[in-house]
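Asker: only geometry, no sequence info:
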């Protein structure tokens, strides 16, 4: 059964209550996590690279090393930490750590019932959570990419049909099926040139023309990453899987929770804090292909 959409006046009334009622303020703050959680899987790039898994209370975030051709595994010990390498053993323990984010706005905004400001603050809070996740996840990916064997590196001038084929072939040689490629918007624009390729189907050409690029090529998803610190214009990162095992895992010790910031009220502001506890581990080191564009 779908939930009834609140009317404009109902939203104004509920938002006004957060200015005068500590209970209403706490309930509103706690509801922000419920709004944000469904969006993280779709919008956080690392959640498609590292498979999220909710870890039950008291359980250990340990994983068996899946294949004999894996020489080492990688983990991120904490946000901003130095990635750790494990070269021995048959299983790996993935450390979990807290990621925090916070937003605030003037109390006057709540008193006036301007709920749209609260909605924008929720979006900002979501973006801050995603920023923290991506900082941790991509730091681990790029540390791994820095020491890749030549068999996991592809050189290209543009993201053209030949480069795409080279990426898929590199994965196939390693017995990995490439599922996702992450590029900057500048490299994604190369896909617009595919409309003039003579060896593509009219369906793909039509997709490239209408969408300003191609989001899926022969079962491989193409993702844009706007943060140049994560994926630069001269790089692309392709990820593959084998027998259902993905490149990495994301054990989630505690899903995102949000709370009222009691200190903010001392400055006549409404503050919302969010926190989650999770980790990042690379189980399949052969599941990454790095592309360098010249």
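Answerer: Looks like it arrived, so ask away. Computed from a predicted structure; not experimentally measured. Numbers count the residues shown, from 1 in each chain.

Asker: The stretch 101-250 of the chain: strands as residue ranges?
Answerer: Ranges of strands within the stretch 101-250 of the chain are 153-156, 177-183, 216-217, 220-224, 235-241, 248-260, based on DSSP state E, counting those that start in this stretch.

Asker: So which bits of the fourth one are buried?
Answerer: Which is strand 220-224. Under the neighbour-count criterion of 16 or more other CB atoms under 10 Å, strand 220-224 has 220, 222-224 buried. Every C-beta, even on glycine, is put in place using the N, C-alpha and C of the backbone.

Asker: circling back: hey, which of the strands of the stretch 101-250 of the chain is tucked in deepest?
Answerer: strand 235-241 (a mean of 24; mean count of other CB atoms under 10 Å).

Asker: for it, packing partners?
Answerer: Judged by 3 or more CB pairs under 8 Å, 6 or more residues apart in numbering; DSSP states H and E, the packing partners of strand 235-241 are helix 161-173, strand 177-183, strand 288-293.

Asker: related to what we said a few turns ago, nearest to residue 9 among the buried residues of strand 220-224?
Answerer: residue 224 (39.0 Å; CB to CB).

Asker: looking at it, the closest one is touching residue 183, isn't it?
Answerer: Yes - Residue 224 lies in contact with residue 183 (CB atoms under 8 Å); the separation is 6.6 Å.

Asker: now this structure, which segments are flagged as low pLDDT?
Answerer: Filtered on pLDDT under 70, the chain yields the residue ranges 1-3, 194-214.

Asker: let's go with 90 and repeat that
Answerer: 1-6, 68, 80, 87-90, 160-161, 188-219 (pLDDT under 90).

Asker: the helices in it, which residues?
Answerer: For the chain, the helices defined by DSSP state H occupy 8-20, 22-43, 46-49, 107-111, 115-145, 161-173, 185-188, 202-211.
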